[in-house]
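1. make a model of this:
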Amino acid sequence: MDLVTGATGFLGRALVRRLSAAGLRVRCLVRPGSGAPELSLPGVETLRGDLLDADSLEAAAAGAGRVWHLGALVRAPGFLTLRKNTIAGFDALNAGAAGRLARAAARAGVRRFIFFSSIAALGPGENLRDDAPPRPVTFYGKAKLAAEGLLRNCSAETGLDYVILRPAMIYGPGPGSGTWAKLFEQVRRGKAAVPGSGGNTLSVCHIGSLLDAALIAAEKAPPGAALNVSEGAIKVKDLVLLIGELVGRKPLLLKLPVPLLKAVSGALDPLLAAAGLYMPAFIGADKTRILEACSSWSHQCEGLRALGWKPALSTRAGLADALGVKP
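-> Numbers count the residues shown, from 1 in each chain. Here you go, the predicted model:
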């Protein structure tokens, strides 16, 4: 039995489909009240529960051979929130829940715990290796890194076998990341905003290649491995132009001045912090998210490649698949 958390998300749905197609029995931990018709697949059962509820975690882990932990908070909800509540939300769901689930898995005798962290746990940088010193900048990235630490502590105390995956920006067909959907729509309309000249790089990965990596790592990675997952890096402006080429448009690049973006966020963020407030919906009010958006990201994946993994698609072919067009 494989347990999957975050099964109703973009990546979770795709993973459950893969596991079901392989003839495996899958249990999905799904929040009460959330519909999950996409999980009505052969061998798949849903268990209603909450990642913040200890009893739910115990019930979910019982009888599982592997745990695939994808459940996470990526962006805080709301337009204006209390900063302490935002930080507490990331810490509780992305770190605390991961640690408690790991301990529940250890008690249940799970043979391998596969944790989906993020390149945000490493922070921005170029040609970052699997063992690069982590320097996360956002609440999300810091909470993911904290979860990795809790997982290691759990393993040291209980002997739990685990693997950490740090995916790049994931894209693919179907309903998924709002960020990608917005970018695709902007390009189709003929205009897309980029930071500065758009010369900073993004580390990206098609969902199919990521699932290939996850399945290989689950079977072959050494215990305790932390593995980057990226098909490669591409400059933001080149990404926009490539999407335009694939959809038959030549988009105008709206170049947003980086110094102005940093000045605005550098002024607003401390003011909001002093008032104990945070604006999740407005990236311009968060200096760390501006830093994230304007920095370059690229990663080596030597650990996965040593296991025999390579991206299934080029970025061009992957984007064509995501857009539903010919490469």
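2. so which helix or strand of the protein has the lowest pLDDT on average?
-> Here the helix or strand of the chain ranked lowest by mean pLDDT, DSSP states H and E is helix 178-189, holding a mean of 91.
3. tell me the buried residues in that helix?
-> Under the neighbour-count criterion of 16 or more other CB atoms under 10 Å, helix 178-189 has 180, 183-184, 186-188 buried. C-beta here means a position set from N, CA and C on the backbone, and glycine is covered the same way.
4. cool, and stretch 60-80?
-> Going by neighbour count (16+ other CB under 10 Å), the buried part of stretch 60-80 is 60-62, 64, 66-73, 75-76.
5. so where's the stretch 151-300 of the chain shaky on pLDDT?
-> Applying pLDDT under 70 to the stretch 151-300 of the chain flags residues 176-177.
6. how near is Val229 to Ser56?
-> Going from Val229 to Ser56 by CB to CB, to the nearest Å gives 28 Å.
7. more neighbours, these two?
-> Higher neighbour count among Val229 and Ser56: Val229, with 28 against 22, using other CB atoms under 10 Å.
8. contact partners for that one?
-> Val229 is in contact with 165-168, 205, 209-210, 213-214, 301, 304, counting by CB atoms under 8 Å, 6 or more residues apart in numbering.
9. now, which of these sits nearest Thr46?
-> Using CB to CB, Ala214 is the member of the contacts of Val229 that sits closest to Thr46, with 20.8 Å.
10. quick one: contacts for the residue lying closest to the closest one once chain neighbours are set aside?
-> Of all residues not flanking Ala214 in the chain, Leu165 sits nearest, at 5.9 Å (CB to CB, 6 or more residues apart in numbering). Shown in contact with Leu165 (CB under 8 Å, 6+ apart): 114-117, 213-214, 217, 227, 229.
11. how about Leu242?
-> Applying CB under 8 Å, 6+ apart to Leu242 gives the contacts 234, 315-316, 319.
12. go on, Leu313?
-> Contacts of Leu313 by CB under 8 Å, 6+ apart are 206, 208-209, 231, 321.
13. now with 6 Å?
-> Neighbour list for Leu313: His206 [criterion: CB atoms under 6 Å, 6 or more residues apart in numbering].
14. just say helix, strand or coil for it.
-> Under the three-state scheme (DSSP: H, G, I helix; E, B strand; the rest coil), Leu313 adopts coil.
15. now the strands for the stretch 151-300 of the chain?
-> Using DSSP state E, counting those that start in this stretch, the strands of the stretch 151-300 of the chain run over 162-167, 169-171, 191-195, 201-206, 226-229, 232-235, 252-256, 277-278, 297-299.
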